[in-house]
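Just a sequence and a predicted model for now, questions to come.
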Amino acid sequence: MKFQSIVYLAWLNIRSIPLNGKWSPNGITVAGGNGKGDQLNQLNDALGFCIDENQTIYIADSYNHRIIAWKKDATAGIIVAGGNGSGAEINQLNVPMNVIVDENTNTIIITDRGNQRIVRWPRENGTSGEIIIENINCWDLALDSSGCSLYVSDCEKNEIRRWKIGEKEGILVAGGNGKGDNLHQLNEPRSIFIDQNESVYVADWKNHRIMKWIKDVKQGVIIAGGGGFGNSLKETGAPNGIVVDELGTLYVIEGNNDRVMRWVKTAIQGELVVGSNGNGVEANQFNVPTNLAFDRENNLYALDGKNQRVQKFQFGLLE
């Protein structure tokens, strides 16, 4: 299918988070938190999410095969895509991995990994979606700041491709040289982020590192981790969700280390943001977290996978 024009929330890509800030060590549950299940106040091993400008949280509730939206201060979500069982029909999803919002067309775009496709659904009152990209083992997706190019990570081919308006085939922008740990390779890339210069940041999951691929360059550079699995400040453990602000500061959530880390541009080690208090269910703990996001006030949201919840960590400036 041909990728069509979409316009995204530009503020998601250009925020600058003050370095003299901190986050509350204890999170507040803002979605889920009611055990594993398929009720509207529950999640089932959700893997991805995003937040719109109204602080509505859109969650890829992966093993409920649906996208569920939680409005601010709501006690339950609303199904906005899927929810009709696992399948390949146009009204179904099969293990959706992530979701982004297109405010301009009032739609959501989903990595429907079990069906190996990218689909677009109406944001509200939709009964079915449309396929915009097919035959891709997709994990994550992102748009550039102009909203003209869609980027998708492919875990099977270990590559990232870009689709521009009018293109039927994606262009390789990172990886694509087989599975490996060389600088021109990736090993099961998961979350991606695109900055204003169209550099691609990749959570290179099985290599336990974050890579940056500058536009049109044939290999990446390691900007976090890269020394194998570990939990020191210089290491990462199964990095997944990533965000990069306009200062070049990287924020990364680590599934195996149950923490969120911040890596200042050119730093040789990261610093702890929240978590790292052991695997558990307390407000300051995670259980295999899978993704993260920020709102306009720089509050941090973390998708706490096995705890079946989204946690919000309040931001404040140091005095």
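Looks like it came in fine.

mind listing what residue 150 touches?
For residue 150, the contacting residues are 3, 6, 109, 118, 133, 141-143, 162-163, by CB atoms under 8 Å, 6 or more residues apart in numbering. All C-beta spots, glycine's among them, are computed from the backbone N, C-alpha and C.

which one of those residues sits closest to residue 290?
Nearest to residue 290 out of the contacts of residue 150 is residue 141 (CB to CB; 15.1 Å).

Was I right to think that closest one contacts residue 102?
No - counting by CB atoms under 8 Å, residue 141 stays clear of residue 102, with 11.5 Å between them.

any residues in contact with both of these two?
residue 109.

Could you pull out the strands in the stretch 201-319 of the chain for me?
Per DSSP state E, counting those that start in this stretch, the stretch 201-319 of the chain carries strands over the ranges 209-213, 221-225, 239-244, 250-254, 259-263, 271-275, 289-294, 300-304, 309-313, 315-317.

Export those as JSON lines, with columns for distance to residue 127.
Output for the strands of the stretch 201-319 of the chain, formatted as JSON lines (distance: least, CB to CB, whole Å):
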{"stretch": "strand 209-213", "distance to residue 127": "39"}
{"stretch": "strand 221-225", "distance to residue 127": "42"}
{"stretch": "strand 239-244", "distance to residue 127": "30"}
{"stretch": "strand 250-254", "distance to residue 127": "33"}
{"stretch": "strand 259-263", "distance to residue 127": "37"}
{"stretch": "strand 271-275", "distance to residue 127": "39"}
{"stretch": "strand 289-294", "distance to residue 127": "27"}
{"stretch": "strand 300-304", "distance to residue 127": "26"}
{"stretch": "strand 309-313", "distance to residue 127": "26"}
{"stretch": "strand 315-317", "distance to residue 127": "38"}
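
closest to residue 72 out of the ones you listed?
The nearest among the strands of the stretch 201-319 of the chain, by CB to CB, is strand 309-313 at 10.1 Å.

rewinding a little: what's the closest of the strands of the stretch 201-319 of the chain to residue 95?
Going by CB to CB, the one of those nearest residue 95 is strand 289-294, 13.1 Å.

The closest one pairs with which strands?
strand 300-304 (antiparallel) (DSSP bridges).

Present the strands of the stretch 201-319 of the chain as a markdown table; the columns should include mean neighbour count, distance to residue 188 and mean pLDDT.
Output for those, formatted as a markdown table (neighbours: other CB atoms under 10 Å; distance: least, CB to CB, whole Å; pLDDT from 0 to 100):
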| stretch | mean neighbour count | distance to residue 188 | mean pLDDT |
| --- | --- | --- | --- |
| strand 209-213 | 24 | 12 | 98 |
| strand 221-225 | 20 | 14 | 97 |
| strand 239-244 | 25 | 11 | 95 |
| strand 250-254 | 26 | 15 | 97 |
| strand 259-263 | 23 | 20 | 98 |
| strand 271-275 | 19 | 22 | 98 |
| strand 289-294 | 24 | 14 | 96 |
| strand 300-304 | 26 | 19 | 97 |
| strand 309-313 | 24 | 24 | 98 |
| strand 315-317 | 13 | 31 | 92 |
